[in-house]
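Student: got a sequence here, can you build the structure:
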Amino acid sequence: MWDIEAALIDVKTYNFVIPSQDQRKAGEPIHDLSIRLTVDDQFTIHEVSTDMVHFPHPECHQAPQGMHLLIGCKLSSGWRKAIDARIGGTAGCTHLREMLFNMATAAYQTIPSALQFRNQQAGLPDEVPTTPPPHVGKCMSWALDGAVVQRHYPMFYQKQSQD
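Tutor: Residues are numbered from 1 along each chain as shown. Modelled structure (predicted):
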């Protein structure tokens, strides 16, 4: 199991007032939020934990109530849609949702390379993928016709046609 964590702390450099509430002092967090997803090797969520130390409105403390609905979802294609379907709109918190979007990226940058390292330490051969990893073709650096794919995944490299 893997724990993927995200945190958000935002402050202002000046004193300010949230309408109908107390004044906030410069440097006092408006939000101090964190999320931990516990996922398996296949990126399936088994546990969701949130912590909200600071938030701007008393009603915000209810925001994490639906986070458990993400259990069983996968950090894979359709992740943003899964988030929106379960805790989108007024069913959740914009800030928590936005942190969740990027947690899939952290998982993909961590888990596969850790598994590969673990296998190498055990003397197992590297697995040769039969389909492009999820990040290939989704970023400028990982373009199917780019040098990075040509070096790391030559079997998926697609030479750019010269028209």
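Student: make it CA atoms for all contacts and neighbour counts henceforth
Tutor: Noted.
Student: okay, domains of this structure per the record?
Tutor: Domain assignment for the chain by automatic domain parsing gives 2-121, 128-163.
Student: so how far is the helix-or-strand element of the chain with minimal mean pLDDT off the chain centroid?
Tutor: When the helices and strands of the chain are scored by mean pLDDT, DSSP states H and E, strand 23-24 comes last with a mean of 88. For strand 23-24, the separation from the chain centroid amounts to 31 Å (computed by Cα atoms, centre = their mean, to the nearest Å).
Student: ok, now stretch 96-108?
Tutor: Distance of stretch 96-108 from the chain centroid (Cα atoms, centre = their mean) equals 1 Å.
Student: for the least confident helix or strand of the chain, packing partners?
Tutor: Judged by 3 or more Cα pairs under 8 Å, 6 or more residues apart in numbering; DSSP states H and E, the packing partners of strand 23-24 are strand 16-17.
Student: who touches the strand it packs on?
Tutor: Residues from elsewhere that reach strand 16-17 (Cα atoms under 8 Å, 6 or more residues apart in numbering): Q23, R24, K25, A26.
Student: list the contacts of H46.
Tutor: Residues counted as contacts of H46 (Cα under 8 Å, 6+ apart) are L37, T38, V39, D40, I71, G72.
Student: typo on my end, it should be Q120
Tutor: Applying Cα under 8 Å, 6+ apart to Q120 gives the contacts D126.
Student: where does it sit: helix, strand or coil?
Tutor: Assigned with DSSP: H, G, I helix; E, B strand; the rest coil, Q120 falls in the helix class.
Student: measure it to E127 for me?
Tutor: Using Cα to Cα, to the nearest Å, Q120 is found at 10 Å from E127.
Student: quick check, pLDDT for the residue nearest to T94 when sequence neighbours are not counted.
Tutor: Distances taken as Cα to Cα, 6 or more residues apart in numbering put G88 closest to T94, at 8.0 Å, once the chain neighbours are dropped. On pLDDT, G88 comes in at 94.
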